[in-house]
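K.L.:
sequence first, then the predicted structure:
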Amino acid sequence: MGRLYLLDKIRNIGIIAHIDAGKTTTTERMLFYTGVSHKMGEVDSGTAVMDWMEQERERGITITAATTTCFWRGCCVNIIDTPGHVDFTVEVERSLRVLDGAIGVFCGVSGVEPQSETVWRQADRYNVPRIAFVNKMDRIGADYFRAVDDVRQKLGATVLPLQIPIGEEDSFVGVVNVINMKAYVWDLDKLGTQFSVREVPEKLKEKAEKTRQQAIEVLADFDDSIMEKYIEGKDISEEEAKRVTRKATLTGKVIPVLCGSAFKNKGVQPLLDAVADFLPSPGDVPPMKGFNPLTGEVIERRADDNEPFSALVFKIVNDPFVGRLVYLRVYSGTMKVGSYVYNSTRDIKERVGRVLRMHSNKRIDVDTMYAGDIVGIIGLKHTFTGDTLCDENKRVVFESMKFPEPVISVAVEPKTKADQEKLSLALKYMADEDPTFHVRCDAETGQTIISGMGELHLAIIVDRLRREQHVSVNVGKPQVAYKETIRKCVERQEGKFVRQTGGRGQYGHVVLKIEPLKKDKRFEFVNAIRGGDIPKEFIPSVKKGLQEAIESGVLAGYPVVKIKVTLIDGSYHAVDSSDIAFRIAASIAFKEGMKKADSYFLEPIMAIEVNVPKEHLGNVVGDINARRGRVWSVEERGEQKIVKAFIPLSGMFVYATNLRSLTQGRGTYVMQFDHYEEVSKNIVEKIKGL
């Protein structure tokens, strides 16, 4: 079977936003109006197609990015619905890495919220063209133009409002398209499947004309013919305006803005039209750049079925029915079921067992994957997130993805001996799936330590252990992921490991220079040895010994970061030197050097935004100060105050309960990791005693 849809008719898009902005509801409505779903799924009732995990349906939030496909106006639209909670930001990161376009959903009441800014910066990093959808226009306090200004000011975007609302809050009934100057009013009795096209209401004509004029001014900067007509006062046709809107959107410099209420079934069809009209096909985005792993030569892969096959793995899922499922984005070429693909990242070949098109957690088998496709593969046992798959004779490696370090840890232990046997395998499966979830064994206590991006992240992991892997565990108290680093430079630190037994002994000797690393990098190793003081085959052993040593510092056993180690001297024994001897020697030198380099602690600092009634502002600010927080902004939004602050993570445990108590249940907050900074001296001893 050949390609069902031409390349220029494919749209690979993501739905991105702050938690509770309405991403999943918007996706559900898109599936309903395109005919993929015959019944509207609802997040609150746990019937949303895209929220398929039990934990998602119970909590009413999206936890894992779900993929689906729908069809609109001759276009095949592949959609990834991403989470909005900061603990699961990795799902947004890896989705945006492989998408061509995105819809940013914003609440008509709250506008641009903290996680909206985070996902927007992620999209900026990958140069993903976007359109904005101001949702929840039926809610009390909704203000379309305030939300548009928020996008302009907080996100630094050049906005292009293509619609204005007809009414707001309870009176919201439809939208005015300012390009064709027509009003679209939805029939509530038909679940939003039908709407009437009318003339613009008299009371909105002036506002619509003004908004249209502003839109034409933006478009004039991207097209000379529109500029000429604008200067001469000539009329600009709908087709011409749409053509230039698409051109401007594809540059990433302009954000078309639409509005509606997904929950009340209004405004979704024009949003689908905008996806087809303005967001890019795989052929519209620049060629994917990589390099030849053998020569280092830069290579480009265009979205073309006739190019050599290349794809990027962006997600791993352990499916209970089909086993290990590898999600990938095909950038060029084609590949059939039963073929062998070459993993250029790991230098291995693997066989493609099955190719699946995914609809949330449901699967449809296909026989071939084509350029531009997002598919699931069964049969790849040694492939991981960020790996490149390609034609073995036309090798290429694409840039992998970078993920944030975990900031919170807990100890877990199996409840029974049977659980003990299953725990390590279950944790391995989850670490394969989630690059921000780390597992390690504490060398001193023998405990299994799991680390993640927040309390909710780890709670979901533990819940999945119980439900999916059938492993029962006891969980310790949350612990902050402190780090250790140094202030001073140690110019020369010797490390020697010598053991003599009856036969062959052990000999390793290194001299290191240890210094702080100013750039934001965990560890840097430099080999500065000239000559044959240490044979070159032992240099990797020295580096490996250092990498093992930085996993636990000298103050309290926390990982070491921002450190540069230079191998400047050493010696070896022709018979007794070995790989293990140089690893131990490097570790000894590093530990001794850390003691002399004025080590200190770093702690994770969270950016927090608290939404609080005016009358409770003083209590909330006082509580933030008591938690060693620093308030840097207090803004007003209607009757509410928005407090923005930086607070150490150690002060944020059970904060939700305290905030409810301080505000009589009316306060809400969101937080996300921002940076690491030095721990104040008055709590250093407390950390050492943990």
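P.N.:
Here it is on my side, so go on. Numbering: from 1, shown residues only.
K.L.:
so where's the stretch 351-500 of the chain uncertain?
P.N.:
Along the stretch 351-500 of the chain, the model assigns pLDDT under 70 to residues 443-445.
K.L.:
where exactly do the helices run in it?
P.N.:
According to DSSP state H, counting those that start in this stretch, the stretch 351-500 of the chain carries its helices in the segments 417-433, 455-467.
K.L.:
just list whatever residues bridge to the nearest residue to Ser571 once chain neighbours are set aside.
P.N.:
Distances taken as Cβ to Cβ, 6 or more residues apart in numbering put His509 closest to Ser571, at 4.5 Å, once the chain neighbours are dropped. Any C-beta I mention is one placed from the backbone N, CA and C, and that applies to glycine too. Beta-bridge pairing of His509 under DSSP bridges involves Lys496, Ser571.
K.L.:
what's the neighbour count on His509?
P.N.:
21 (other Cβ atoms under 10 Å).
K.L.:
Val542 too?
P.N.:
Neighbour count of Val542, defined by other Cβ under 10 Å: 28.
K.L.:
nearest residue to Ala241 other than its sequence neighbours?
P.N.:
Ile179 (4.8 Å).
K.L.:
Ala215 is in contact with that neighbour, correct?
P.N.:
Yes - checked against Cβ atoms under 8 Å, the pair Ile179 and Ala215 is within contact range at 7.1 Å.
K.L.:
got any residues that touch both of those two?
P.N.:
Listed as contacting both Ile179 and Ala215 by Cβ atoms under 8 Å, 6 or more residues apart in numbering are Leu162, Ala241.
K.L.:
out of the helices of the stretch 351-500 of the chain, which is the most enclosed?
P.N.:
Mean neighbour counts were compared across these using mean count of other Cβ atoms under 10 Å; the top stretch is helix 455-467, at a mean of 19.
K.L.:
packing partners of it?
P.N.:
On a contact count with 3 or more Cβ pairs under 8 Å, 6 or more residues apart in numbering; DSSP states H and E, helix 455-467 meets helix 54-59, strand 408-414, helix 417-433, strand 448-452, strand 473-475.
K.L.:
and Met30, which of the ones you listed is closest to it?
P.N.:
Of all those, it is helix 54-59 that lies closest to Met30, at 18.1 Å by Cβ to Cβ.
K.L.:
quick check: mean pLDDT of that closest one?
P.N.:
Average pLDDT, helix 54-59: 65.
K.L.:
mean confidence for the next helix or strand after it?
P.N.:
Where DSSP states H and E defines the elements, the next helix or strand beyond helix 54-59 is strand 66-72. Mean per-residue pLDDT for strand 66-72: 88.
K.L.:
tell me what strand 66-72 is packed against?
P.N.:
Helices and strands touching strand 66-72, by 3+ Cβ pairs under 8 Å, 6+ apart, are helix 23-33, strand 75-81, helix 268-278, strand 354-359.
K.L.:
mean neighbour count added to those, as CSV?
P.N.:
Putting the helices and strands packed on strand 66-72 into CSV (neighbours: other Cβ atoms under 10 Å) gives the following:
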stretch, mean neighbour count
helix 23-33, 26
strand 75-81, 24
helix 268-278, 20
strand 354-359, 20
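K.L.:
including distance to Leu328, could these go into CSV?
P.N.:
Putting these into CSV (distance: least, Cβ to Cβ, whole Å) gives the following:
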stretch, distance to Leu328
helix 23-33, 21
strand 75-81, 12
helix 268-278, 22
strand 354-359, 10
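K.L.:
so which of the ones you listed gets nearest Lys136?
P.N.:
Using Cβ to Cβ, those put helix 23-33 closest to Lys136, at 9.3 Å.
K.L.:
now do that closest one against helix 268-278, angle only.
P.N.:
Interaxial angle of helix 23-33 relative to helix 268-278 (axes from the mean of the first three to the mean of the last three Cα atoms, to 10 degrees): 90 degrees.
K.L.:
helices or strands up against helix 23-33?
P.N.:
Helix 23-33 sits against strand 10-16, strand 66-72, strand 75-81, strand 101-107, strand 130-135, helix 268-278, with contacts defined as 3+ Cβ pairs under 8 Å, 6+ apart.
K.L.:
neighbours around Gln529, how many?
P.N.:
One thing to correct before we go on: residue 529 is Ile, not Gln. For Ile529, using other Cβ under 10 Å, the count is 18.
K.L.:
OK, contacts around it?
P.N.:
Counting by Cβ under 8 Å, 6+ apart, Ile529 makes contact with Ile539, Leu567, Ile568, Asp569, Gly570.
K.L.:
for Gln115, see how far away the first one is.
P.N.:
What it means is Ile539. The gap separating Ile539 from Gln115 is 44 Å, by Cβ to Cβ, to the nearest Å.
K.L.:
now swap in the third one and tell me
P.N.:
When distance is defined by Cβ to Cβ, Ile568 is 46 Å away from Gln115.
K.L.:
between the two, who's got more neighbours?
P.N.:
Remark: of Ile568 and Gln115, Gln115 carries more neighbours, 24 against 18, as counted by other Cβ under 10 Å.
K.L.:
for that one, phi and psi?
P.N.:
phi -70, psi -20 (degrees, to the nearest 10).
K.L.:
same check on Lys519?
P.N.:
Here is the backbone geometry of Lys519 (degrees, to the nearest 10): phi -70, psi 160.
K.L.:
and for it, the neighbour number?
P.N.:
If you count neighbours by other Cβ under 10 Å, Lys519 ends up with 7.
K.L.:
kindly report the same for Gly338.
P.N.:
When neighbours are counted by other Cβ under 10 Å, Gly338 registers 12.
K.L.:
separation between the residue lying closest to it once chain neighbours are set aside and Thr383?
P.N.:
Distances taken as Cβ to Cβ, 6+ apart put Val352 closest to Gly338, at 6.6 Å, once the chain neighbours are dropped. Separation of Val352 from Thr383 (Cβ to Cβ) stands at 11 Å.
K.L.:
more neighbours: these two, which one.
P.N.:
The residue with more neighbours, out of Val352 and Thr383, is Thr383; 23 against 20, by other Cβ under 10 Å.
K.L.:
from what I can see that one touches Arg351, true?
P.N.:
No - counting by Cβ under 8 Å, Arg351 is not a contact partner of Thr383; they are 11.4 Å apart.
K.L.:
now do the contacts for the closest residue to Asp347 other than its chain neighbours.
P.N.:
Taking Cβ to Cβ, 6+ apart, and ignoring the residues beside it in sequence, Asp347 has Pro293 as its nearest neighbour in space, at 7.7 Å. Residues counted as contacts of Pro293 (Cβ under 8 Å, 6+ apart) are Ser344, Asp347, Arg395, Val396, Val397.
K.L.:
most surrounded residue in those?
P.N.:
Most neighbours among the contacts of Pro293, by other Cβ under 10 Å: Val396, with 26 neighbours.
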